[in-house]
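In: Quick one: sequence and predicted model below, then my questions.
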Amino acid sequence: MENIGVTCDVCECCHNVSGCKCDLPQIKVTEQCTCDTQQVETPHYCQSYEKK
């Protein structure tokens, strides 16, 4: 997935810039949730997370 101005507030990630955006040219997300407790219909989880 191409990163076009993706907003991100995960400050612990090393790709996070100024606490609000991602500096990667491409990001990878998964849209499927395997748990039954998740109430959101279309959850998005970033797989490009790297701890600082």
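Out: Everything's here; your move.

In: Tell me which residues touch Cys22, please.
Out: For Cys22, the contacting residues are 3, 6, 8, 13, 15-16, 46, 48, by CB atoms under 8 Å, 6 or more residues apart in numbering. Just so you know, the C-beta spots here come from the backbone N, C-alpha and C atoms, and that holds for glycine as well.

In: Repeat the analysis, applying 7 Å as the threshold.
Out: Contact analysis of Cys22 by CB atoms under 7 Å, 6 or more residues apart in numbering lists 3, 6, 8, 15-16.

In: swap in Gly19?
Out: The neighbours of Gly19, taking CB under 7 Å, 6+ apart as the test, are 9, 11.

In: Quick check: phi and psi at it.
Out: When read as degrees, to the nearest 10, the backbone of Gly19 gives phi 70, psi 10.

In: Check the gap between it and Cys8 for me.
Out: Look at Gly19 and Cys8: by CB to CB, to the nearest Å, they are 8 Å apart.

In: show me where pLDDT drops low in the protein?
Out: For the chain, applying pLDDT under 70 flags the ranges 31-44.

In: For the spatially most central residue of it, list each beta-bridge partner.
Out: Nearest to the geometric centre of the chain sits Cys46, at 3.0 Å (CA atoms, centre = their mean). Assessed by DSSP bridges, Cys46 has beta-bridge partners Val29.
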